[in-house]
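> Quick one, what's the 3D model for this:
(one chain, ligands or ions: 1)
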Amino acid sequence: MFDLHSYLKERAQIIERALAQSLEEPAGAAARLHEAMRYSLMAGGKRLRPVLVLASCEAVGGKVEAAMGLACAVEMIHTYSLIHDDLPCMDDDDMRRGRPTNHKVYGEAIATLAGDALLTDAFKVLARSAHNSAPPALVLETIAELAGAAGSAGMVAGQVIDLLGEGKSKTVEELEELHGKKTGALFLASVRGGARLGGASGAQIESLDAYARALGLAFQVVDDLLDVQGTPEQMGKRTQKDVERGKATYPAILGIERSLDLARELETRAHRAIAGFGNSADALRHIATFVVERKL
Ligand code: GRG
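Here you go, the predicted model:
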């Protein structure tokens with residue numbers, strides 16, 4: 001019987017060891033920068049994106065070593081996005097991952113630079129993995145895809161659409177486009193990249209692509225629900241933010257019950273997309289259920 005709790009715990013430990021190794025030691029003239037990067041990167045979190053990288057690699061029969069560089073890179077990029085999102089010029093938040101936000105501890109300038117450095121170093125870590133564990137051509141394709149997911153057509157575009165849309169209503173289709181860029185793109189790059197580095201065929205990547213799109217959207221629907229229903233203690237961050245900032249959300253547009261139905265429908269869609277995979281995709285199946293049932 002697959003035990004997701006133990007699986008996630010064991011994976012998080014492997015990922016955190018690799019993340020710690022990929023950071024510079026906090027020494028020398030820029031020690032404070034390295035300390036700030038470490039503060040947010042090693043603050044826990046679910047590690048969902050790097051876990052997806054490794055699980056997708058294994059789902060197609062690959063060895064996790066081939067995808068470890070990508071796993072670290074996506075978590076570094078995710079952490080940079082959280083640090084920048086929390087800045088006073090964006091969401092202006094005080095708590096993240098159960099502790100004061102980066103700028104509350106290190107100041108706005110260092111927090112901004114810690115985010116910049118995590119984003120840049122992510123690509124160094126991924127590029128270097130071509131030397132020891134993954135075929136360079138596959139790493140190159142993965143770098144291009146990850147840059148696209150994080151950049152001006154992906155996560156950054158999503159953040160801009162989100163910020164400029166505050167106080168304005170949205171249709172479900174517009175919301176889907178926003179989240180596809182803001183959070184979905186990084187999920188998609190994690191799953192596709194992990195599979196590619198694991199040696200996936202084109203057909204396998206296509207199935208996993210459909211899985212990741214459904215999963216990314218389900219994650220966001222549940223994130224919106226948790227913002228309404230969760231507590232700051234449970235979430236490690238402020239809740240009720242979306243209503244305060246006049247953001248369009250799934251519960252605001254569809255109501256709680258229909259949002260829950262949508263999340264469950266997306267879970268089913270994710271499961272269906274990988275129905276043709278054997279036991280090697282069990283982790284991905286359980287992760288899809290976890291994303292919908294999670295309380296944090
Ligand atoms: C600043 C360029 C830039 C982008 C920011 C992703 C993002 C765009 C902002 C994060 C704000 C936010 C709360 C988005 C909603 C979904 C989300 C990414 C939640 C946090 O991800 P989790 O729940 O966090 O995986 P942990 O801490 O578990 O890693």
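> alpha carbons only for contacts and neighbour counts from here, please
Will do.
> So which bits of the stretch 1-150 of the chain are right by the ligand?
Within the stretch 1-150 of the chain, the positions near the ligand by CA under 6 Å from any ligand atom are Gly45, Lys46, Arg47, Leu48, Ser81, Leu82, His84, Asp85, Arg97.
> Kindly write the PyMOL command that selects the buried subset of those residues.
Remark: buried members of these, expressed as a PyMOL selection using 16 or more other CA atoms under 10 Å:
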select buried, resi 45+47+48+81+82+84+85
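> for the record, mean pLDDT for the host helix or strand of Ile287?
Using DSSP states H and E, Ile287 maps to helix 282-293. The average of the pLDDT scores along helix 282-293 is 98.
> can you redo the residues of the stretch 1-150 of the chain next to the ligand as CSV with distance to Glu293 and pLDDT?
Converted to CSV, these look like this (distance: CA to CA, whole Å; pLDDT from 0 to 100):
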residue, distance to Glu293, pLDDT
Gly45, 17, 93
Lys46, 14, 95
Arg47, 16, 98
Leu48, 14, 98
Ser81, 24, 98
Leu82, 23, 98
His84, 28, 98
Asp85, 25, 98
Arg97, 19, 93
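> and of the residues of the stretch 1-150 of the chain next to the ligand, the nearest to Arg196?
Closest approach to Arg196 among these (CA to CA): Leu48, at 18.2 Å.
> Quickly note the distance from that closest one to Ser56.
Going from Leu48 to Ser56 by CA to CA, to the nearest Å gives 12 Å.
> and what of Phe290?
Plainly put, Phe290 is 16 Å away from Ser56 if you go by CA to CA.
> Where do the helices of the stretch 1-150 of the chain begin and end?
4-22, 31-41, 48-59, 68-86, 102-106, 108-132, 136-150 (DSSP state H, counting those that start in this stretch).
> what's next to the fifth one, contact-wise?
With contacts defined as CA atoms under 8 Å, 6 or more residues apart in numbering, helix 102-106 is touched by Ala36, Tyr39, Ser40, Ile83, Asp86, Leu87, Asp94, Ala109, Ile110, Ala111, Thr112.
> pLDDT of that helix, averaged?
Here the average pLDDT along helix 102-106 is 98.
> now that helix, how far from the centre of its chain.
Chain-centre distance of helix 102-106: 22 Å, with CA atoms, centre = their mean, to the nearest Å.
> For the helix or strand where His179 lies, which helices and strands make contact with it?
His179 is located in helix 172-179, with elements delineated by DSSP H and E. On a contact count with 3 or more CA pairs under 8 Å, 6 or more residues apart in numbering; DSSP states H and E, helix 172-179 meets helix 155-164, helix 202-229, helix 250-254.
> Could you list the low-pLDDT ranges of the protein?
Across the chain, nothing is flagged by pLDDT under 70.
> Closest one of the contacts of helix 102-106 to His5?
Ser40 (23.2 Å).
> Tally up the residues packed near Gln234, please.
Neighbours of Gln234 under the rule other CA atoms under 10 Å: 13.
> can you put the contacts of helix 102-106 in TSV and add neighbour count?
Shown next, in TSV, are the contacts of helix 102-106 (neighbours: other CA atoms under 10 Å):
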residue	neighbour count
Ala36	22
Tyr39	17
Ser40	24
Ile83	26
Asp86	20
Leu87	21
Asp94	18
Ala109	11
Ile110	19
Ala111	25
Thr112	19
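> one step back: neighbour-wise, which of Phe290 and Ser56 wins?
Ser56 (31 against 15).
> what's that one in contact with, if anything?
So Ser56 contacts Val191, Arg192, Gly194, Ala195, Gly198, Leu208, Ala281, Leu284 (CA under 8 Å, 6+ apart).
> 7 Å - rerun?
Val191, Gly194, Ala195 (CA atoms under 7 Å, 6 or more residues apart in numbering).
> How many residues are close by Ser152?
Residue neighbour count, defined by other CA under 10 Å, stands at 14 for Ser152.
> And Lys241, by the same measure?
Other residues within reach of Lys241, judged by other CA under 10 Å, total 15.
> Dihedrals phi and psi, it?
Phi and psi for Lys241, reported as degrees, to the nearest 10, are phi -70, psi -40.
> which residue packs closest to it, ignoring adjacent ones?
Asp227 (6.9 Å; CA to CA, 6 or more residues apart in numbering).
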